[in-house]
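Trainee: Sequence and predicted structure below; questions after.
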Amino acid sequence: IAGITQAPTSQILAAGRRMTLRCTQDMRHNAMYWYRQDLGLGLRLIHYSNTAGTTGKGEVPDGYSVSRANTDDFPLTLASAVPSQTSVYFCASSPRGASGRNEQFFGPGTRLTVL
Amino acid sequence: GENVEQHPSTLSVQEGDSAVIKCTYSDSASNYFPWYKQELGKRPQLIIDIRSNVGEKKDQRIAVTLNKTAKHFSLHITETQPEDSAVYFCAARLAGGGADGLTFGKGTHLIIQP
């Protein structure tokens, strides 16, 4: 693995189904994030994790949950998908911390369609 | 929370000319301002960023300026080339905030006319 990866690349899902989007990074970054991107709305933060074992809510957290069991993985779960969750989902990671580096690196994205 | 406004939503310039994209932010506690470029179907890529203790930063044809008093920052691209065509997003990050996530503008579609 090099950098940050997401799976699946795309998915079509029936409303009401449960879905987990996967995100893995091998850069040993402390912080990880989930954003959704919708046309005309830019990218909006769903959930974040500043370090393994901690998570927090972003701007649009309803209907989503996350976990951060270790440094590398940050899965996003839709417990019961609804059509309004149709979007492109980007995972990102950042070194954060004492080094002062702030830049966020994005994964390739997952295109999710809920019917 | 932070709110970031970005203008214009679409910008068309002749190849070789300069392009300027402007953003304003609402929270004076924000201290980090990155710019991302996103090509169609691709992930956002960081092209330049600036911290609140700096007024201007340049990297070849790209520069960013920051006016903390007015709470606005701008992206300047000189000598534009066809490969500059993309959607550009500005963002801001609150200092000391627990989220540490970015608040993005809605994007500017930059079109370079040959």
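Mentor: Ah, there it is.
Trainee: Flag the shaky bits of chain B, pLDDT-wise.
Mentor: B:95-100 (pLDDT under 70).
Trainee: Might you enumerate the residues of it proximal to chain A?
Mentor: Residues of chain B lying close to chain A by CB under 8 Å from any CB of the partner chain are B:1, B:6, B:32, B:34, B:36, B:42-46, B:49, B:51, B:89, B:93, B:98-107. Using the backbone N, CA and C atoms, a C-beta is placed for each residue, glycine as well.
Trainee: what do you get if the cut-off is 10 Å, keeping everything else the same?
Mentor: The interface of chain B toward chain A, taken as CB under 10 Å from any CB of the partner chain, is made up of B:1-2, B:4, B:6, B:9, B:31-34, B:36, B:38, B:41-46, B:49, B:51, B:87, B:89-91, B:93, B:97-107.
Trainee: Now which of those residues would you call buried?
Mentor: B:2, B:4, B:6, B:31-34, B:36, B:38, B:43-44, B:49, B:87, B:89-91, B:93, B:97, B:99-107 (16 or more other CB atoms under 10 Å in any protein chain shown).
Trainee: Let me know the pLDDT of the spatially closest residue to A:Thr71 that is not a sequence neighbour.
Mentor: Counting by CB to CB, 6 or more residues apart in numbering or on different chains, A:Thr71 lies nearest to A:Ala52, which is 4.9 Å off, once chain neighbours are set aside. pLDDT, A:Ala52: 92.
Trainee: Does A:Ala52 touch A:Asp72 like I think?
Mentor: Yes. Using CB atoms under 10 Å, A:Ala52 is in contact with A:Asp72, at 8.7 Å.
Trainee: and those two? which has more neighbours close in?
Mentor: Shown here are A:Ala52 and A:Asp72; by other CB atoms under 10 Å in any protein chain shown, A:Asp72 has more neighbours (18 against 15).
Trainee: how about the more buried one, what does it touch?
Mentor: Contacts for A:Asp72 (CB atoms under 10 Å, 6 or more residues apart in numbering or on different chains) come out as A:1, A:4, A:23-29, A:32, A:52, A:93.
Trainee: what's the neighbour count on A:Gly63?
Mentor: Neighbours of A:Gly63 using other CB under 10 Å come to 14.
Trainee: Over to A:Phe74?
Mentor: 30.
Trainee: same deal with A:Cys91?
Mentor: 27.
Trainee: which stretches of chain A form strands?
Mentor: Counting by DSSP state E, chain A has strands at residues A:4-7, A:10-13, A:19-25, A:31-38, A:42-49, A:56-57, A:64-66, A:76-78, A:87-94, A:105-106, A:110-114.
Trainee: Make TSV out of those and add mean pLDDT.
Mentor: Listed next are the strands of chain A as TSV, based on pLDDT from 0 to 100:
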stretch	mean pLDDT
strand A:4-7	97
strand A:10-13	97
strand A:19-25	97
strand A:31-38	95
strand A:42-49	92
strand A:56-57	91
strand A:64-66	98
strand A:76-78	98
strand A:87-94	96
strand A:105-106	94
strand A:110-114	97
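Trainee: Which residues are in contact with the closest residue in space to A:Asn70 that isn't next to it in sequence?
Mentor: The shortest distance from A:Asn70 to any non-neighbouring residue, by CB to CB, 6+ apart, is to A:Ala52 (5.5 Å). A:Ala52 sits next to A:30, A:32, A:68-74 when contact means CB under 10 Å, 6+ apart.
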